[in-house]
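> no FASTA, just this:
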Ligand code: A4P
Ligand code: MG
């Protein structure tokens, strides 16, 4: 058998663009989100290529609870969708996330909003995230880094955002982490 370990293709893996929505309304939310961005950039085969500003947003759904800090992160990754889901759940757990009430308060929520070329409407991972088009806390930060991304209803992020502006969201801080200088300034055509 020829030894293939030295061949360039032996380490080739396709990298996919992913958008993640992060939210926190318990603990030191700014620090929790900054740490989560660091954790995401440390995932195998992954690099953070863009981060949005932080937004203070009114809670949608669930019990009465404090406002959230929300942001969106763009990742390039070779991880499969399910491996990435497991990894982001580990990151949530490391931030002290407990799961008592659906849509309840949390130290950290990481949702996979969109994964290039992958769609699933059932099973453990639903992507594109089924509720993302209804939520300003997702669309506003996503519009900063991917305004022309096409969503399942055939609208761009920018267009979908225009229909949820009645929800409260205030930009409170510039990027929590500066973007990679060598990252492409625009996501690939989607
Ligand atoms: N799951 C399925 N698809 C995905 C996906 N695309 N990304 C599954 C991440 N997880 C996904 O999630 C429950 C299960 O969803 C997971 O086991 C996973 O297998 P969870 O994070 O444990 O629970 P959750 O977040 O309470 O439920 P859910 O339905 O994900 O809630 P959402 O839709 O994330 O909404 N208001 C403001 N202002 N800001 C917020 O961040 N967040 C929520 C949560 C509600 N209101 C909010 C905010
Ligand atoms: Mg969630």
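Thanks, I have it. For clarity, every value in this text was computed on a predicted model and none was experimentally measured. Numbers count the residues shown, from 1 in each chain. Ligands and ions are numbered 1, 2, ... in the order given.
> residue 66: neighbour count?
11 (other C-beta atoms under 10 Å). Where you see a C-beta, it was placed from the backbone N, CA and C, and this is true even at glycine.
> pretty sure it is touching residue 25, no?
Yes. If you go by C-beta atoms under 8 Å, residue 66 and residue 25 touch, sitting 4.8 Å apart.
> what do the two both touch?
Counting by C-beta atoms under 8 Å, 6 or more residues apart in numbering, the common neighbours of residue 66 and residue 25 are 59, 105.
> strands along the protein, start to end?
For the chain, the strands defined by DSSP state E occupy 16-24, 46-51, 54-57, 68-77, 109-115, 169-173.
> export those strands to TSV and tack on mean neighbour count and mean pLDDT?
As requested, the strands of the chain are arranged in TSV below (neighbours: other C-beta atoms under 10 Å; pLDDT from 0 to 100):
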stretch	mean neighbour count	mean pLDDT
strand 16-24	24	97
strand 46-51	22	97
strand 54-57	22	96
strand 68-77	25	97
strand 109-115	23	97
strand 169-173	14	89
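> let's have those strands in JSON lines, adding distance to residue 93.
As requested, the strands of the chain are exported to JSON lines (distance: least, C-beta to C-beta, whole Å):
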{"stretch": "strand 16-24", "distance to residue 93": "14"}
{"stretch": "strand 46-51", "distance to residue 93": "18"}
{"stretch": "strand 54-57", "distance to residue 93": "22"}
{"stretch": "strand 68-77", "distance to residue 93": "18"}
{"stretch": "strand 109-115", "distance to residue 93": "11"}
{"stretch": "strand 169-173", "distance to residue 93": "25"}
